[in-house]
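J.: Below are the sequence and a predicted model for it; my questions follow.
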Amino acid sequence: MSKTGKTDRTKRIKEFQIYLQERENAASTIEKYVRDIHKFFGFIKDREISKELLIAYKQWLLENYSVNSANSMLAALNQYLVFIELGRLRLKRIRVQRMDMQDPDRELGKEEFRRLVRAAREMEKEQIAMIMETICATGIRVSELRFFRVEDLRRGLVKVWNKGKCRMVIIPRLLKQKLLAYAGSRHICSGVIFRTRTGKAVDRVSIWKEMKNVAKKAGVAPGKVFPHNLRHLFSREFYKITKNLVNLADILGHSSLEVTRIYASDGMREWRRNLEKTGLILET
């Protein structure tokens, strides 16, 4: 590619980034979309965008990535095509046959989760132990840990913003006690609970690496150990106990949240009762 062409693409990607910011996409989404578009340009090199080239790129994704990853990258590409006014060339998502059961080789069990938490504490890695318990007891996304602040612990509610939506996350009683004790032991009096030595919120890459290290100690297959699998475990256990899909969808943030409706109903109390039943927090 010529120097001029490379400069033009760099400028266009920067404009795309600004476009996503104006749409109020989450910072993590913007970062991923920009990264995916760089990869797309690496594939097409100096060729002009055409339907044939886009289909070839889709095939290349299928050959080199999982279906979920490929669809995620296609979503980024489709957004970019809309941005450059080539929306008519958007690609369809890759469809797969619906499966009722997760791959058993990747499904994390309740006892395996407990072994991970115990192993983390044996390794004196209290922060990653508490992170795993927090995700698994509330069903939050790993990116939502940054909203867990000391100021929110005492009332047992955390307001989470994700994908332009707001929802309330309930902290189960035992988890609340453990988080308060954890914050106290680290002399964290305000701000984000899970932080680096410099005071910044711990990032997902660090969490992922820590979990992989703990997996070795716990004797749990590394392929099962990643933050989002804790969310899956929470979902399975919650539904197994409650059989309440609507409640679960609200807790996971899969539907838009009307804060006033929740506070005006018995929803919060029901959520709390159901959360307490999962038994995913270890008594100390």
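T.: Great, that's in hand.
J.: Now for Ser185, how many residues are close by?
T.: 9 (other CB atoms under 10 Å). Just so you know, the C-beta spots here come from the backbone N, C-alpha and C atoms, and that holds for glycine as well.
J.: ok, now Cys189?
T.: Here the number of neighbours of Cys189 (other CB under 10 Å) works out to 9.
J.: Next, the contact list for it, please.
T.: Contacts for Cys189 (CB atoms under 8 Å, 6 or more residues apart in numbering) come out as 150, 183.
J.: go on, Thr242?
T.: Contacts for Thr242 (CB under 8 Å, 6+ apart) come out as 248, 274, 277.
J.: Then Tyr80?
T.: Per CB under 8 Å, 6+ apart, neighbours of Tyr80: 16, 33, 37, 40.
J.: closest to Ile84 among these?
T.: Phe16 (8.0 Å; CB to CB).
J.: Please tell me I have it right and that closest one contacts His38.
T.: No. Assessed by CB atoms under 8 Å, Phe16 is found out of contact with His38, at 10.6 Å.
J.: So those two - more neighbours on which side?
T.: Remark: of Phe16 and His38, Phe16 carries more neighbours, 19 against 12, as counted by other CB under 10 Å.
J.: Mind telling me what element that one is part of?
T.: Assigned by DSSP states H and E, Phe16 belongs to helix 3-22.
J.: and that helix, C-alpha only, in PDB?
T.: What follows is helix 3-22, C-alpha atoms only, in PDB (Å, rounded to 0.1, in the frame of the first residue of the first chain):
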ATOM      1  CA  LYS A   3       2.100   5.900   2.000                       C
ATOM      2  CA  THR A   4      -0.800   8.100   1.000                       C
ATOM      3  CA  GLY A   5      -3.200   5.200   1.100                       C
ATOM      4  CA  LYS A   6      -2.000   4.200   4.500                       C
ATOM      5  CA  THR A   7      -2.400   7.700   5.800                       C
ATOM      6  CA  ASP A   8      -5.900   7.900   4.500                       C
ATOM      7  CA  ARG A   9      -6.900   4.700   6.200                       C
ATOM      8  CA  THR A  10      -5.400   5.800   9.500                       C
ATOM      9  CA  LYS A  11      -7.300   9.000   9.300                       C
ATOM     10  CA  ARG A  12     -10.500   7.200   8.400                       C
ATOM     11  CA  ILE A  13     -10.100   4.800  11.400                       C
ATOM     12  CA  LYS A  14      -9.600   7.800  13.700                       C
ATOM     13  CA  GLU A  15     -12.800   9.300  12.300                       C
ATOM     14  CA  PHE A  16     -14.600   6.000  12.900                       C
ATOM     15  CA  GLN A  17     -13.400   6.000  16.500                       C
ATOM     16  CA  ILE A  18     -14.800   9.500  17.000                       C
ATOM     17  CA  TYR A  19     -18.100   8.300  15.400                       C
ATOM     18  CA  LEU A  20     -18.300   5.400  17.900                       C
ATOM     19  CA  GLN A  21     -17.700   7.800  20.800                       C
ATOM     20  CA  GLU A  22     -20.500  10.100  19.600                       C
END
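J.: and the helix or strand just after it, what other elements does it pack with?
T.: Counting by DSSP H and E, the next helix or strand C-terminal to helix 3-22 is helix 27-44. On a contact count with 3 or more CB pairs under 8 Å, 6 or more residues apart in numbering; DSSP states H and E, helix 27-44 meets helix 3-22, helix 51-64, helix 67-83.
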